[in-house]
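Participant: Just need the structure, nothing else, for what follows:
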Amino acid sequence: MKQRILDFAVLIEQDEAGMFIARVPDIQGCSTQGKTVEQAMERAREAIQVCIEADRMDIQPMKFVGVQRIELMA
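Facilitator: Coordinates of the predicted model:
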C-alpha cells in the first residue's frame, strides 16, 4: 500500500487555566491539550494518529486558508 502525506490544520487556544487546547477540525472529536504549545502539538500528532487508526476512514484534509477574528460589543 502506497503511503501518502496528510497535512492537518491544528487550532490552538489557551483556556482560563493556562492550558493549551489543540483541535483538529478535519477530524470530528479529535482534540487534546498540553501545558505548552509544543506539548499540545506533540499530543495533537498522537491524537491524529489514534483517530485515523480508530476510525479506519479515508480522511481528506481540507486546505487551510486562514483565521479571522471578529470583535463585537456585547
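Participant: tell me the contacts of the residue nearest the centre of the chain?
Facilitator: The chain has Val24 as the residue nearest its centroid, 2.4 Å off, counting by Cα atoms, centre = their mean. Going by Cβ atoms under 8 Å, 6 or more residues apart in numbering, Val24 touches 8-11, 30-31, 44, 47-48, 51. Bear in mind the C-beta positions are built from the backbone N, C-alpha and C, glycine included.
Participant: By neighbour count, which of these wins?
Facilitator: Ala44 (24 neighbours; other Cβ atoms under 10 Å).
Participant: isn't there a helix covering that residue?
Facilitator: Yes. Judged by DSSP: H, G, I helix; E, B strand; the rest coil, Ala44 forms part of a helix.
Participant: which ones are touching the closest residue in space to it that isn't next to it in sequence?
Facilitator: Closest residue in space to Ala44, ignoring its immediate chain neighbours: Ala22 at 4.0 Å, by Cβ to Cβ, 6 or more residues apart in numbering. Applying Cβ under 8 Å, 6+ apart to Ala22 gives the contacts 10-12, 31-34, 40-41, 43-44, 47.
Participant: Give me the pLDDT for the residue nearest to the centre of the chain.
Facilitator: Val24 carries a pLDDT value of 93.
Participant: Would you mind confirming that Leu6 is in contact with Pro61?
Facilitator: Yes. With contact defined as Cβ atoms under 8 Å, Leu6 reaches Pro61; the gap is 5.7 Å.
Participant: higher neighbour count, the two?
Facilitator: Applying other Cβ under 10 Å to Leu6 and Pro61 shows that Pro61 carries more neighbours, namely 14 against 11.
Participant: From Gly29, how far out is that one?
Facilitator: Shown here: Pro61 relative to Gly29, a distance of 16 Å by Cβ to Cβ, to the nearest Å.
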